[in-house]
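**Q** I'll drop the sequence and a predicted model, then ask my questions.
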Amino acid sequence: MALATSRSNLGRRVGFATIVALVGACGGGSKPEPKPAQPEILAEGRFDDSRLGTALALVRSDEPAGVTLFASAVPLHMPYEPAELLPDPLQPAGADGYLLRFSGERFATVSELPEAKLPENSNRGWSMVALGDLDGDGHPDLAVGVPRLLFMPCLDSKEPSGLVQVLSGRDGKVLFELTPTTPNTRFGWSLAVERTDTKKRLAVGAPSALGTGRVHLYDLRTRALELSIDSPVKGSSFGSTLAFVGDWNGDDQGDLVIGDSTEEIDGLRSAGRVRVLDGATGAELASYRGTGISSFYGRSVASVPDVDEDGRRELLIGIAAGDLPDKFCGRVEMIGSRNGDVMWSVAGQESEELGYSLTCVADFDDDGVDDFAICSDRDKARDVYTGSCWIYSTRTGDLLDNVPGETCTSMRLDDGTILLVTGASGESPEPFAKHGRVRAFTYPPATPGSRRTRAK
Ligand SMILES: [Ca+2]
Ligand SMILES: [Ca+2]
Ligand SMILES: [Ca+2]
């Protein structure tokens, strides 16, 4: 497999304490072989620009198959850098999006959650996370971001402000809503959930395009706002990406990693920064930064389990432009928590913008450590907008698989099978129609000494 070879060579790790020389900026290498079409397509968007697969959430349920999938269709993508919205473009009216719920054996039961009755172009479903069962009815629930909601009646502002809806996973009814306290915040642009034995918290990013980005932390049991964290710098997109990173400072509270890919640093416009912040107080625990103009460091963030053996999770950071801003190859780094070194790095090819999304996934190589996926919204091999999703081993940095998709979610089932679901919101039967597509891939349990391979 040419792709596997090429990518493995690009993403090389040379020891936990050693800074990796950045290899293969803008990739190169042989053009990978396109894979045959996969038979696991779950659904396609219903109309032009419906963009099904923009966000996905996979969660355990009490149903016979034990798992439920939610997928959003969000017409009219927003630019993914909030600063690009200056001045705020008046987008043309478009069809409303929708949310699908897949359940049952092989997700054969598909239903649409009730319409939100929100204004057009609210972008409901731009972000989405599974919360587990909040209302105790045995069905998993979910939070859905509506960051572009206009004309909030509670606010004396016509600027986009946003909303987060917490929906019943059973019937899609709104259990409760979270609203911003200030206008023009794009509240709900990003979401992350912390679920431990004692805590269930939701982080909501509000990367205001005009002011100062802010991240809010809610206790999902009481629905109370626990903490609001403001960006330390003005005019940035603080909170455009975020993830929980486990407990970094040993106070038994989950901490946050927050990306701000448009932060100007030392006169370098949109160099970008990623911060680790105390989830109890908002205090800064660590910070990592881009080093070039328009590198957009922190365009995506995620955390993966501890592999440098200091007890803290490592960081994955997407850098939209990578090392050559005009080529938009993109790059992804794994930062070790022990000493802040780059443990591993991989660069994309021209226009690939590697790191469109980063996700911690199940343990694909069965080494006891959950692995990660790097997705791009382009697929250079196929030259279409199917996206490309690469699964890497967290422990070894080896490439494990490559499937279509620009977003993904995964889960290991009780029988050892791993389920991987990907979304490709830009994919369509005709060029530029952007119906969107959602696929599922099944990986059988690994046999001792072997790696998982996808079930055909
Ligand atoms: Ca902590
Ligand atoms: Ca660590
Ligand atoms: Ca693993």
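**A** In hand now; what should we look at? Ligands and ions are numbered 1, 2, ... in the order given.
**Q** alpha carbons only for contacts and neighbour counts from here, please
**A** OK.
**Q** three-state assignment of the nearest residue to Leu227 once chain neighbours are set aside?
**A** Distance criterion C-alpha to C-alpha, 6 or more residues apart in numbering; nearest residue to Leu227, sequence neighbours excluded, is Leu217 at 5.1 Å. Here Leu217 is recorded as strand under DSSP: H, G, I helix; E, B strand; the rest coil.
**Q** tell me the contacts of the closest residue to ligand 1 within the stretch 251-400 of the chain?
**A** Residue nearest to ligand 1 within the stretch 251-400 of the chain: Gln253 (4.0 Å; C-alpha to the ion). When contacts are counted by C-alpha atoms under 8 Å, 6 or more residues apart in numbering, Gln253 is found next to Gly246, Asp247, Gly279, Ala280.
**Q** Tell me the buried residues within those residues.
**A** Among those, those buried by neighbour count (16 or more other C-alpha atoms under 10 Å) are Gly246, Asp247, Gly279.
**Q** and the residues you listed near ligand 1, which?
**A** Contacts with ligand 1 are made by Asp247 out of those, judged by C-alpha under 5 Å from the ion.
**Q** and the buried ones among the contacts of Gln253 as CSV, adding secondary structure?
**A** CSV is the format used below for these (three-state DSSP):
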residue, secondary structure
Gly246, coil
Asp247, coil
Gly279, coil
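**Q** re the thing from before, can you tell me which of the contacts of Gln253 lies closest to Arg378?
**A** Proximity of the contacts of Gln253 to Arg378 (C-alpha to C-alpha) peaks at Gly246, which lies at 31.0 Å.
**Q** Run a quick neighbour tally on the closest residue to that closest one other than its chain neighbours.
**A** Once flanking residues are discounted, Gly246 sits nearest to Gly254: 4.8 Å by C-alpha to C-alpha, 6+ apart. For Gly254, the count of nearby residues is 21 (other C-alpha atoms under 10 Å).
**Q** Contacts only, for the residue nearest the centre of the chain.
**A** Centrality entry for the chain: nearest residue to the mean C-alpha point is Ser357, 4.8 Å, by C-alpha atoms, centre = their mean. Neighbour list for Ser357: Ser300, Val301, Gly318, Ile374, Cys375, Ser376, Glu406, Thr407 [criterion: C-alpha under 8 Å, 6+ apart].
**Q** For this protein, list the residues in contact with ligand 1, please.
**A** The chain comes close to ligand 1 at residues Asp247, Asn249, Asp251, Gln253, Gly254, Asp255, as judged by C-alpha under 5 Å from the ion.
**Q** Quick one, which of those residues has the minimum pLDDT?
**A** Within the set of the residues of the chain next to ligand 1, pLDDT is lowest for Gln253 (90).
**Q** Find the least confident helix or strand in the chain, judged by mean pLDDT.
**A** Ranking every helix and strand in the chain by mean pLDDT, DSSP states H and E puts helix 2-10 at the bottom, with a mean of 33.
**Q** how about the helix or strand following that one: buried residues?
**A** Note on helix 2-10: by DSSP states H and E, the next helix or strand toward the C-terminus is strand 41-44. Neighbour-count burial for strand 41-44 flags Leu42, Ala43, Glu44 (criterion: 16+ other C-alpha under 10 Å).
**Q** Tell me which strands strand 41-44 pairs with, and in which orientation.
**A** strand 437-443 (antiparallel) (DSSP bridges).
**Q** quick one: average confidence on the strand it pairs with?
**A** Rounded mean pLDDT across strand 437-443 is 93.
**Q** Ok, stretch 258-268 next?
**A** Rounded mean pLDDT across stretch 258-268 is 93.
**Q** Skipping its backbone neighbours, what lies nearest the closest residue to ligand 1 within the stretch 101-250 of the chain in space?
**A** Nearest to ligand 1, among the residues of the stretch 101-250 of the chain, is Asp247, at 4.0 Å (C-alpha to the ion). Once flanking residues are discounted, Asp247 sits nearest to Gly254: 4.5 Å by C-alpha to C-alpha, 6+ apart.
**Q** Then Asp255?
**A** In space, Asp255 is closest to Gly279, 4.1 Å off (C-alpha to C-alpha, 6+ apart).
**Q** With Ile335 instead?
**A** Per C-alpha to C-alpha, 6+ apart, closest to Ile335 is Val342, 4.6 Å.
**Q** How much space separates the one you found from Cys375?
**A** In this view, Val342 and Cys375 are 19 Å apart by C-alpha to C-alpha, to the nearest Å.
**Q** Repeat that for Asp401.
**A** The value you get for Asp401 to Cys375, if C-alpha to C-alpha is used, is 12 Å.
**Q** Now list whatever residues contact both of these two.
**A** Residues touching both Asp401 and Cys375 (C-alpha under 8 Å, 6+ apart): Trp390.
**Q** Quick check on those two: which one has the bigger neighbour count.
**A** Set side by side, Asp401 and Cys375 show more neighbours around Cys375, with 29 against 17, by other C-alpha under 10 Å.
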